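[1] predicted model, plus sequence, below.
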Amino acid sequence: MNRIVPLILAVALFMEQMDSTVIATALPAIANDLGVGPITLKLALTSYMVALAVFIPVSGWMADKFGAKTIFRAAILVFVGGSIFCAISSSVLQFVLARFLQGMGGAMMTPVGRLVLLRTTERKDLVSAMAMLTIPALVGPLTGPPIGGFITTYFTWHWIFLINVPVGLLGIWLSSIYLPEIEKRPAPPIDMLGFLLISLAAAGTVFGLSVVSLPALPPIVGIAATAVGLICGALYVRHAGRHPAPMMRLSLFRNTAFRTAILGGTAFRISTGAIPFLMPLMLQLAFGMTPFQSGLTTFSGALGALCVKFVAKRVFAATGFRTALIGAGLAGAAMTAVNGFFTASTPPMLITFFLFAAGLARSLFFTGTNALSYSEIDDSDASQATSISSVVQQISLALGVAFAAFVLEASSYISGSHLQLADFHLAFFLVAGISLLSITPLLKLDASTGASVSGHRRFAQAAEPQPATAGE
C-alpha cells in the first residue's frame, strides 16, 4: 500500500473536521469583534453544516465527471479561500457566508478523499487505510475546542482560519505530486430534481436539528426546517425509484454489507455526535473546569483513537468484521454509560482512562464500519457509496447534538432548575442506549461478510467480493 496517499488525505480531512468545531471556544471573541452576541454567531456553525449537507450529494458525480484528484485539489482550494474570507470578515453576514464557502470545500474533501482512497487501495489494505481516515473524524472534534481556545487566548481568533492557508497549500502541492491520476468515469446527465430534493432533505434536516439544539433562531424555525427536510427526503425516495440515474442510488442498500454498516454506524455516530457536546459542558458547568482544562481532559479520547491505527488490521483479521464490531459496539456503549457516573470528586486519571478506552472502542468501530461498507461494493458504484455515507454521517452527527441538547433542556425543565450534574448523567445513559442499538443489525451479519477486506483467516481464502446490485 502506498502509505503517502492515506496520509495526505488524512491531513486534509483533519483540517476540515477540526475546523468544523475549532471556532466553538472562539465564538465570544469573534462575536465581540463583529459586534453581535455569541448566540447570533452560532449561525456560522449552522451555515457550515448546511453547506456540507447541500454539496456532499453532488460530490460523487463531480468526481466521476471531472476526476477525483482534480475535485479533491479544488476542494482544498475552496476551503482555503473560505478560511481567508473568514479571517478578514468585518460583519456577521460576511462571516456566515465565508463559513458557507468553507463548508462547500469541506463537502467535497471528505467523500472525494474517501473515493480517492478506494480507487488507489487494494482490498486487502483497505482496513489499514480506513483506520488512517477514521482518525481525523474522531480527533478533529476533540482537538478543535482546546486548539481554538489556545489560539484565541494567546494570539487572535483570526489565526484559527489563517493557519489553514499554509496547510491547505501544502496539501494541494503534495496531492499534485503523490496522488495518482484517477481516470474519469462515464457520468450521466446530472439529476437536477434529485439534487434539489436531496439537498433540501439533508440541509433542512441538518439546519433544523442544529437550530433546535443551538437556538440562534426560534425553535419553531428548526422544527419547520426539519419537517421540510423529512418531506423532501420522502419525495426523493419516490423520485429515485423512478429515475434511471438518480443523484444518489438507493438501490445500494440492497447490498447487505453496505446496509448493515450504514445502519449500525448511524446509531453509533449519533452517540459520537452527542459526546463532544455533553462532555465539555459537564466538565465546565458541573466540575468547574476551564475550557482549556476540559479540552486537555477530553484529548485522551483522541489518543485512544490514534492507537487503533496500529491494531485495527490485526483485530479484524483475527475475528472478522461481525465479531470485532459487536465487541467494539458493546464497549463503546459501556464507556458512554460510564460517563454517567463521573462526579467532581472522580480522580482525573480515572476519567482520562475511561475516555481513552472510549476512544479506542469508537475508532475501532468506525474503522470497521467504514471498511465493511465498501467491502462488497463494485468500483463503479464507489462514488455513489461515498456520497450516501457522507450525507448519512452528517445527519446522524447533527441528530446526536440535537438529542443531547433536548435531553438536557427537558431534564432541567422537569426539575425546575438550572442544569445539574444529574441532567448530564441522564443524557449519557440515554445516549449509551442509542449507541447499544448499533449492534442490532450486526447480529444478523454473516461471519464471512467482508472477509476479502478484513483478511479474516477462517473465510478470507473462500471469500470473493460480491458486487452491489446494479442501479435502477
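    Thanks, I have it.

[2] tell me how this structure divides into domains.
    Per the record, the chain has its domains at 1-181, 191-246, 251-461, by automatic domain parsing.

[3] secondary structure class for Met247?
    Assigned with DSSP: H, G, I helix; E, B strand; the rest coil, Met247 falls in the coil class.

[4] correction: the previous question concerned Ser452.
    Quick answer, by three-state DSSP: Ser452 is helix.

[5] surely it and Lys124 touch.
    Yes: using Cβ atoms under 8 Å, Ser452 makes contact with Lys124 at a distance of 7.4 Å. Glycine gets a C-beta too; all of them are placed from N, C-alpha and C.

[6] so which of these two has more stuff around it?
    Ser452 (21 against 15; other Cβ atoms under 10 Å).

[7] if I look at the more buried one, how far off is Gly320?
    Distance, Ser452 to Gly320, by Cβ to Cβ, to the nearest Å: 11 Å.

[8] neighbours of Phe316, how many?
    Neighbours of Phe316 using other Cβ under 10 Å come to 28.

[9] tell me which element it falls in.
    Per DSSP states H and E: Phe316 is located in helix 312-338.

[10] list the buried residues for that helix?
    312-313, 315-317, 319-338 (16 or more other Cβ atoms under 10 Å).

[11] next secondary structure after it?
    Sequence-wise, the next helix or strand downstream of helix 312-338 (DSSP H and E) is helix 348-375.

[12] what's the very next helix or strand once past that following helix packed up against?
    Counting by DSSP H and E, the next helix or strand C-terminal to helix 348-375 is helix 382-415. The contact analysis (3 or more Cβ pairs under 8 Å, 6 or more residues apart in numbering; DSSP states H and E) places helix 382-415 against helix 38-66, helix 92-120, helix 192-213, helix 256-281, helix 348-375, helix 421-436.

[13] shaky segments in the stretch 101-250 of the chain?
    134, 136-143, 145, 213-216 (pLDDT under 70).

[14] and what of the stretch 351-472 of the chain?
    457-472.

[15] do that again at 50, thanks
    The model of the stretch 351-472 of the chain has pLDDT under 50 over residues 463-472.

[16] ok, back up a step: in TSV: the helices and strands packed on helix 382-415, plus mean neighbour count and distance to Pro146.
    Listed next are those as TSV, based on neighbours: other Cβ atoms under 10 Å; distance: least, Cβ to Cβ, whole Å:
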stretch	mean neighbour count	distance to Pro146
helix 38-66	23	17
helix 92-120	24	20
helix 192-213	23	22
helix 256-281	24	9
helix 348-375	24	14
helix 421-436	21	20
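
[17] save the ones you listed as TSV, and put in distance to Arg73 too.
    Formatted as TSV, the helices and strands packed on helix 382-415 follow (distance: least, Cβ to Cβ, whole Å):
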stretch	distance to Arg73
helix 38-66	11
helix 92-120	10
helix 192-213	23
helix 256-281	28
helix 348-375	23
helix 421-436	37
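
[18] and of those, who's closest to Ser175?
    With Cβ to Cβ, the closest approach to Ser175 among the helices and strands packed on helix 382-415 belongs to helix 92-120: 8.8 Å.

[19] count the neighbours of Ala245 for me.
    There are 15 residues near Ala245, going by other Cβ under 10 Å.

[20] actually Glu409, not the one I wrote
    Glu409 has 16 neighbouring residues, counting by other Cβ under 10 Å.

[21] what about the closest residue to Gly329 other than its chain neighbours, distance to Phe268?
    Leaving aside its sequence neighbours, Gly329 sits nearest to Ile439 (Cβ to Cβ, 6 or more residues apart in numbering; 4.1 Å). Look at Ile439 and Phe268: by Cβ to Cβ, they are 9 Å apart.

[22] kindly report the same for Gly359.
    Where Phe268 is concerned, Gly359 sits at a distance of 14 Å (Cβ to Cβ).

[23] repeat for Phe253
    Noted for Phe253: a distance of 18 Å to Phe268, by Cβ to Cβ.

[24] same check, this time on Leu419
    Distance from Leu419 to Phe268, by Cβ to Cβ: 26 Å.
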